[in-house]
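**Q** no FASTA, just this:
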């Protein structure tokens, strides 16, 4: 039996004290130990991006991190986006522009876009498509995701 | 305000956007985990299985009282190959489940599965359709005369006479390699055992909960009332989740046997090795044209590699037989002689993937048109203009009846939008500069809304088609709509709400749509084959009309007016032309709680049920791709993609455009990127998303969508269904565009995906011949 370790994770501003095996990924820990199942797993090998979260503000694949690596980092997940029932501007834009169909990849795209726009609020066109090509969506054909993020960026700038 | 036809935002979205919505992997709390031990070989005899000490391991020998998966087509040429849910004595594809391991966590179950030692004696596998058809091929299923497990022939019209009178006979050989639907969410299921009732509730990522319940109960000898199947949010399916997975049946057996709740969540590698694959078609076709460049006859030999086992319920006949029946597409000719065969191999079983055979048969007909255009010195628009069907209803060479469509109009509109003349000038200039641009057209029909009249000729033992909708207004005045369809991204909750709200004069918020739960919904066939808006939509419209009759009867009693004088609008029932009216919430209360005040013949409560089982309808569209090919690397960039779609009445235009765009992108990937690759030993080389290549936002151009709306009485709602069309037309448009770009080099693309290495090989071979 592999021994577990206590780790404190700061997720959406709340401290979670969890006991995890060193081999347990951040994604599994968020989902199983913190009860935050909005972060989804599509490939568990770092390609699809459904598990994208923000770590100290940067988008990362939570399937490629171990929970024990994340002690002390500020983690943001999709559950932290809407505040008091009000959708985040990105969520609102995805809704307005039909930027989701089955919705499985959506949390990953929202977190990717939030991190990318925080780094470059003017992201648009080809450069935006390049960033969004980090994640896979099988339903939408991407156009409405690109439109939604562009619109959200414009709303955030104004 | 009418809601039908309005691009309202989806009602499904807030819970998906906030991460509240539960997918299958979000429902595993409190469950033990199951992991499957799978065959590492494509073909082998099982010599022995050694279990790690203390581990909870189940093999076929342990599974008492479990039948085999045995989907049936009632055709003399159909070979029945019973599939054990866990391998018995032999394995016949890589990834086939051999044993199930139960442990407290997924991690422990996977560790223990790795420690199960399976002694296998390897056989040489049969991997490709070509090898399976060779005279000396090993037979995959002992007892079969050959590896051809289903076949059919359609021979109509006087093919010999028409071929003889033809001035051009064009032969084409075409291949579509194997694909995976590759939903971002893999398969998975949670079987919850309830000690009190001894019943199992199976939460499963599926497109067809009722059919899944029937299939599992048949296998395990259960009464259907003892199994509840719930489809939670499903993270994409595209056909991969419309067939019975052996793993789900094993999970239910284990939950009943162990009296525990168990979860199995597939990983991506399993999804590529063991979930259903698709396509893998190989065609030879001959088209005969008269002196006016009119297609007069098609002959063909169509082969589909259908894998190791037949899929329930549609069987391994679905790919070849649909290809044979629907190959004529939108073209007007009556002489037809085509043979289609399904060939069994030591590869993963297949299930239909968005479009089923139609992306490939559309490629065949559209390549035929472009090659003919070149022979006759016509442009691609003119050759199609001369050959598309224009009279309706039209009976095809294979006997299928098409309702009215806009085949020529969609072509003309698409040609106008892309401005072919200016493109040709730009193409010529680019060629001067050493760049290779091309344009490709694809016109197709999309048969949708298959009810039982459309399925019956296939002679499936299980004949799908109708849908039933139960509707009730409760005492608060809200309406619950219980449907047998099982949407998973199509936005059906929103579109059906639009139909109901309009039908009953209610705000959208008063309508609740319940789906994906066999204990709460009427028996139905689920969501696949572009059927739900047509069939479930039609049943919903009918049920709403019946519920409306019940409501206006009560309103008539309350307002002392004739029911035909009652109008329902804005949440009220009013006597037309007066200010006398009653709120629907008061009316509903009356119908349940004050029945003595109503006419004596009224039934208590407000409810209605309706079924709809149409013969089917045809959407149609024209797709145009503009591409640039880099002849040094073989890379293709899609610069522009235009769709002119006719899917009848658009219930929600935003959702419609989303369906089209998503399908087009899957089709572009079909044409250029995606391929499940087996080596000669039957090993899959594409088991990650690094190797199998779904497109990203960077590879895809903006998709321009235009609509025509031909309304026919083939669909009650006027909607014709369009879930698959995007994926059906786009591969041919892209491949035609690549061929057009490479015309100066003498390259005709005949295989997809047209990957860079294939394009480079074709260029090398063609230019060698030129020198």
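**A** All right, it came through fine. Keep in mind it's a predicted model, so treat the numbers as computed, not measured. Numbers count the residues shown, from 1 in each chain, chains lettered A, B, ... in the order given.

**Q** what residues are up against residue 146?
**A** You didn't say which chain, so I picked chain A. Each residue near residue A:146 by CB atoms under 8 Å, 6 or more residues apart in numbering or on different chains is listed here: A:128-129, A:132, B:697. Every residue, glycine included, has its C-beta placed from N, CA and C.

**Q** oops, chain B please
**A** Counted by CB under 8 Å, 6+ apart, residue B:146 has contacts B:133, B:137, B:139.

**Q** drop anything exposed from those.
**A** Neighbour counting with 16 or more other CB atoms under 10 Å in any protein chain shown marks residue B:133 as buried within these.

**Q** specify which member of the contacts of residue B:146 is nearest to chain A.
**A** Checking these against chain A by CB to the nearest CB gives residue B:133 as the nearest, at 33.1 Å.

**Q** so what's that closest one closest to, chain neighbours aside?
**A** Ranked by CB to CB, 6 or more residues apart in numbering or on different chains and with sequence neighbours excluded, the top spatial neighbour of residue B:133 is residue B:343, at 6.1 Å.

**Q** how many neighbours does the residue of chain A found nearest chain B have?
**A** Residue of chain A nearest chain B, by CB to the nearest CB: residue A:38 (2.0 Å). A count of nearby residues for residue A:38, using other CB atoms under 10 Å in any protein chain shown, gives 26.

**Q** got a pLDDT number for the residue nearest to it when sequence neighbours are not counted?
**A** Closest residue in space to residue A:38, ignoring its immediate chain neighbours: residue B:19 at 2.0 Å, by CB to CB, 6+ apart. On pLDDT, residue B:19 comes in at 97.

**Q** closest to residue B:758 out of the contacts of residue A:146?
**A** residue B:697 (24.3 Å; CB to CB).

**Q** ok so, going back, so of the contacts of residue B:146, which ones are in helices?
**A** Within those, residues falling in helices by DSSP state H are residue B:133.

**Q** export the contacts of residue B:146 to TSV and append columns for pLDDT.
**A** Formatted as TSV, the contacts of residue B:146 follow (pLDDT from 0 to 100):
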residue	pLDDT
B:133	98
B:137	96
B:139	97
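
**Q** low pLDDT regions in chain A?
**A** A:1 (pLDDT under 70).

**Q** same thing but at 90, please
**A** A:1-3, A:84-85, A:158 (pLDDT under 90).

**Q** please parse it into its domains.
**A** Recorded structural domains for chain A (assignment: automatic domain parsing) are A:5-80, A:89-157.

**Q** which residues of chain A fall in strands?
**A** Counting by DSSP state E, chain A has strands at residues A:5-11, A:14-20, A:52-55, A:58-61, A:74-76.

**Q** out of these, which one sits most buried?
**A** Comparing these by mean neighbour count (mean count of other CB atoms under 10 Å in any protein chain shown), strand A:52-55 ranks first with a mean of 24.

**Q** biggest helix in chain B by residues?
**A** helix B:537-559.

**Q** packing partners for that one?
**A** Secondary-structure packing of helix B:537-559 (3 or more CB pairs under 8 Å, 6 or more residues apart in numbering or on different chains; DSSP states H and E): strand B:467-473, strand B:479-483, helix B:492-504, strand B:566-569, strand B:572-575, strand B:581-583, helix B:584-593, strand B:606-612.

**Q** got these as JSON lines, with mean neighbour count, mean pLDDT and distance to residue B:23 columns?
**A** Putting those into JSON lines (neighbours: other CB atoms under 10 Å in any protein chain shown; pLDDT from 0 to 100; distance: least, CB to CB, whole Å) gives the following:
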{"stretch": "strand B:467-473", "mean neighbour count": "25", "mean pLDDT": "98", "distance to residue B:23": "24"}
{"stretch": "strand B:479-483", "mean neighbour count": "23", "mean pLDDT": "98", "distance to residue B:23": "20"}
{"stretch": "helix B:492-504", "mean neighbour count": "25", "mean pLDDT": "98", "distance to residue B:23": "16"}
{"stretch": "strand B:566-569", "mean neighbour count": "18", "mean pLDDT": "97", "distance to residue B:23": "37"}
{"stretch": "strand B:572-575", "mean neighbour count": "20", "mean pLDDT": "98", "distance to residue B:23": "40"}
{"stretch": "strand B:581-583", "mean neighbour count": "17", "mean pLDDT": "98", "distance to residue B:23": "39"}
{"stretch": "helix B:584-593", "mean neighbour count": "19", "mean pLDDT": "97", "distance to residue B:23": "35"}
{"stretch": "strand B:606-612", "mean neighbour count": "20", "mean pLDDT": "98", "distance to residue B:23": "30"}
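
**Q** which among those is found nearest to chain A?
**A** Per CB to the nearest CB, nearest to chain A of the helices and strands packed on helix B:537-559: helix B:492-504, 10.2 Å.

**Q** which neighbouring elements make contact with the closest one?
**A** Applying 3+ CB pairs under 8 Å, 6+ apart, we find helix B:492-504 packed against strand B:479-483, strand B:511-514, helix B:537-559.

**Q** by how many degrees do that helix and helix B:584-593 diverge?
**A** Using axes from the mean of the first three to the mean of the last three CA atoms, to 10 degrees, one finds that helix B:492-504 and helix B:584-593 are set 90 degrees apart in direction.

**Q** tell me which helix or strand of chain B sits lowest on mean pLDDT?
**A** Using mean pLDDT, DSSP states H and E, the weakest-scoring helix or strand in chain B turns out to be helix B:159-165, at a mean of 85.

**Q** now the element after that one, going C-ward?
**A** strand B:168-180 (DSSP states H and E).

**Q** flag every buried residue along whatever helix or strand comes next after that following strand.
**A** Remark: after strand B:168-180, the chain's next helix or strand is strand B:188-194, criterion DSSP H and E. By 16+ other CB under 10 Å, the buried positions in strand B:188-194 come out as B:188-193.

**Q** same deal with stretch B:434-447?
**A** Buried residues in stretch B:434-447, defined by neighbour count with 16+ other CB under 10 Å: B:436-447.

**Q** touching, residue A:98 and residue A:141? I think so.
**A** No: assessed by CB atoms under 8 Å, residue A:98 is found out of contact with residue A:141, at 11.0 Å.

**Q** number of residues surrounding residue B:326?
**A** Here the number of neighbours of residue B:326 (other CB under 10 Å) works out to 20.

**Q** do residue B:92 as well
**A** Using other CB under 10 Å: residue B:92 sits among 27 other residues.

**Q** can you pull the contacts of residue 101?
**A** Answering for chain A, as no chain was given. Residue A:101 is in contact with A:139-140, B:489-491, B:658, B:662, counting by CB under 8 Å, 6+ apart.

**Q** you looked at the wrong chain, it should be chain B
**A** By CB under 8 Å, 6+ apart, the neighbours of residue B:101 are B:34-37, B:55-58, B:109, B:112-113, B:116.

**Q** let's see it at 7 Å
**A** With contact set as CB atoms under 7 Å, 6 or more residues apart in numbering or on different chains, residue B:101 has these partners: B:34-35, B:37, B:55-57, B:109, B:112-113, B:116.

**Q** same question for residue B:193.
**A** Per CB under 7 Å, 6+ apart, neighbours of residue B:193: B:200, B:255-256, B:259-261.

**Q** quick check, nearest of these to residue B:479?
**A** Taking CB to CB as the measure, residue B:479 sits nearest to residue B:200 out of those, at 31.2 Å.

**Q** ok so that closest one is a strand residue?
**A** Yes: checked against DSSP: H, G, I helix; E, B strand; the rest coil, residue B:200 lies within a strand.

**Q** what's the local residue count around it?
**A** 25.

**Q** name whatever forms a beta bridge with it.
**A** Beta-bridge partners recorded for residue B:200 (DSSP bridges): residue B:193, residue B:227.
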